[in-house]
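> Quick one, what's the 3D model for this:
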Amino acid sequence: MQDSDALDHVRRRVAGVLDPAISTPSLIDQLASRVLDVARAEAPAWLDVAMGSSEESDATARSLRTIVGDVLYENGLSPGRVGPVLAPHVDAWSPPVPAALQPLPITHRDLASPEDLQEQYDAVIVGSGAGGGVAAQTFSENGWKVLVVERGTLPERSQLLTEHLRTPRATSGLFPRSGPGPDSEDRQVVIGVDQVRRARASDYAWNNNAMTLGGGTRVYGAQAWRFTPEDFAMASAYGVPDGSSLVDWPISYDDLEPFYTRIEQSLGVSGGPPSGRWEGPRSAPLPMGPLPPTLLGGLLETAATQIGFATQPVPLLINTRPHGGRSACIQCSQCVGFDCPVGARAGSHNTTLPAALATGNATVLTGAQATRIQVGPRGRAHSVDLAGEREGRIWTRTVRTGLVVLAAGAIETARLLLDSADDAHPHGLGNASDQVGRHLQGHAYGGASALFDEEVVDLRGPGPSVSTAQFRHGNDGIIGGGILANEFVPTPASSQRYLHDTGLIGPRTRVGSREAEQAMLRFARIMGPIHEVTSSDSRVTLARGSTDRFGRSLVRLSGSLHAEDLRGREMLTSRAAEWLHAAGAAQVRPMPPMTLPTLPSGGQHQAGTCRMGEDTAASVVSSEGRVWGHENIVVVDGSTHPTNGGANPVLTILANALRISEGVARDA
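So this is what the prediction gives:
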């Protein structure tokens, strides 16, 4: 079909699903052209849908409406693209105006180029997210000369605020602005026994964590939960189910508690007093109170009292008053997946990394990958090979170092250790016992969606304002459990997708119709992560013989959730549905059940591939974070987690990175 014929066909398809209230020839032309452009550039699945016929199944009809809704709301709401229901919300449900943006504390002038690199550093830190930022600040403030290597770049704040289809949470299939981008390598994903799927970085099966300066903390939701005392002793509390590799941590809650407190006080965590009986003792209250409750949060609070759910405000690494030189949250409608327009959310890019740079001892290199760690006698690391691409050309450098700190995320940290194999370590560094890459875990989520008869969406961000920690443990017949909270404010594009995916609006409901717009303001979700029991067969390996443009072996992900994880997920799902029913929802849609085998679990909460332990045969790093057999290679990201808790792990990563980094600095 010729381009003009294809465009005419898509115009007819768009006109057939767009509501007459907003349908104009100009808008139809814009949307049709955009659908085709996106489909041809990076979303081939869109093309099959867009080029379909009017005689189609409900599933195809739903898919067509979601992609037309995506491009309609690509940058939030805008005049001329909304009907009368959403018209009053155009400003509130769109990116903030440029005048409201506050500058980033790190600029491109603060970043090094390959030519700026010294021959040697006291420490090379791979990754600039939660763990890497804490390590950079700790070592630089102790007088060490530190190089931070970040694979991603430093996108402008406006880029991470305006493009709603390119956030890590969007399900559009497009590459996120927070990285990795279309130049990223694919990953191989094994499903079941032998089915291999090749996943692009825009595919959820790739298990992406943002790759940008600040890592995931640049765009995360910032839920700042502590793990409970029981989370550190899961095997002792529950036993080890068949097929699981469940273990206790080599450290306890009490060991980590002082570091939890220090991170909460220094970076700034807001929230209220905990309500659950699973909460461990605290040496200090949170430094800031919670954000004001939202409309939906108030309904859920009342309902929780009626059904006996103990609730508390969601702890957040978000300022509710000025703190640490950063502003208070303005409660805009864009939070998770976006940069914070006023810097109220604490991330490495606006806390630990600026502090490290302020010492004069830190150098930050973006757009670079560590491709290999070189070791010498007694397994001591002595240098790191780096590579990147600039103006279409590959560059390489080798820098010498006395310490290598790995903070690239569970998948990439394991990849680097495995890909650094040499004659003395033919299976990779730290992998004499075949443990590197095993026990990959993330968080399976349970939850439910609902439609209310009245509007419950007030667009006051970040969204999560009420939670329950009642189900983290003590659930009959369930190993562990998890928290539940109302969800972040979705983008308009995500909102209409959720409504279609859950069947809360019909598959042939017109895009932009009064029915669809009203549903977007009456929609609610409650979600929560489940504490996975882990498996040694869930792992990161290398796709030998397949390399990226830098000569690095491609990642191969395999394994599945455990049957106990699915049971826990069903428990959380039923509790979420019960809560929404009690709040008065007219329609409730529990998340559909999962079946085994599943895709490997990782994603933005990835953990476990370099688990801590005291037994060299069953772990990769010691309780001090040092890689067995390589005393001067340490790991400070979620890779070290033997288990990953029933809540967001970032506060534990931050606290454990502080504990490990200070221990290494002290020992030196």
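> List the contacts of the residue sitting nearest the centre point of the chain.
Most central in the chain under C-alpha atoms, centre = their mean is Gln604, positioned 3.0 Å from the mean C-alpha point. Remark: with contacts taken as C-beta atoms under 8 Å, 6 or more residues apart in numbering, Gln604 is in contact with Pro168, Asn208, Asn209, Ala210, Gly216, Tyr220, Gly442. All C-beta spots, glycine's among them, are computed from the backbone N, C-alpha and C.
> show me what contacts the first one?
Neighbour list for Pro168: Pro176, Ser178, Asn208, Ala210, Gly216, Val219, Gly337, Gln604 [criterion: C-beta under 8 Å, 6+ apart].
> What is the least confident helix or strand in this protein?
helix 44-50 (a mean of 90; mean pLDDT, DSSP states H and E).
> and that one, what does it pack onto?
helix 25-41, helix 58-72 (3 or more C-beta pairs under 8 Å, 6 or more residues apart in numbering; DSSP states H and E).
> Name the spans of the stretch 401-550 of the chain whose pLDDT lies under the cut-off.
Counting by pLDDT under 70, not a single residue of the stretch 401-550 of the chain qualifies.
> Off-centre distance for the least confident helix or strand of the chain?
For helix 44-50, the separation from the chain centroid amounts to 27 Å (computed by C-alpha atoms, centre = their mean, to the nearest Å).
> wait, which of the helices and strands packed on helix 44-50 is closest to Pro592?
Nearest to Pro592 among the helices and strands packed on helix 44-50 is helix 58-72; the distance by C-beta to C-beta comes to 14.2 Å.
> quick one, that closest one and helix 25-41 angle?
Counting by axes from the mean of the first three to the mean of the last three C-alpha atoms, to 10 degrees, helix 58-72 lies at 110 degrees to helix 25-41.
> Kindly tell me how buried Gly545 is, as a neighbour count.
7 (other C-beta atoms under 10 Å).
> measure it to Pro529 for me?
36 Å (C-beta to C-beta, to the nearest Å).
> and what of Ala381?
Taking C-beta to C-beta, one finds Ala381 at 34 Å from Pro529.
> Of the two, give the one with the bigger neighbour count.
Pro529 (27 against 23).
> Please, which helix or strand holds the residue nearest to that one when sequence neighbours are not counted?
Computed as C-beta to C-beta, 6 or more residues apart in numbering, the closest residue to Pro529 that is not its neighbour in sequence is His443, at 3.5 Å. Following DSSP states H and E, one finds His443 outside all helices and strands.
> Check the gap between His443 and Gly461 for me.
22 Å.
> before we move on, what about Ala61?
32 Å.
> And Val17, by the same measure?
Applying C-beta to C-beta to Val17 and Gly461 gives a distance of 30 Å.
> Looking at those two, which is more packed in?
More neighbours surround Gly461 than the other of Val17 and Gly461, with 23 against 20 (other C-beta under 10 Å).
> from what I can see Thr66 touches Ser495, true?
No: counting by C-beta atoms under 8 Å, Thr66 sits too far from Ser495 to count as a contact (11.0 Å).
> What is the burial count for the residue nearest to Asp434 when sequence neighbours are not counted?
Leaving aside its sequence neighbours, Asp434 sits nearest to His427 (C-beta to C-beta, 6+ apart; 6.8 Å). Per other C-beta under 10 Å, the neighbour tally for His427 reads 13.
> Would you mind confirming that His427 makes contact with Ser420?
No: assessed by C-beta under 8 Å, His427 is found out of contact with Ser420, at 10.6 Å.
> just to revisit the earlier point, please pick the buried ones from the contacts of Pro168.
In the contacts of Pro168, burial by neighbour count holds for Pro176, Ser178, Asn208, Ala210, Gly216, Val219, Gly337, Gln604, counting by 16 or more other C-beta atoms under 10 Å.
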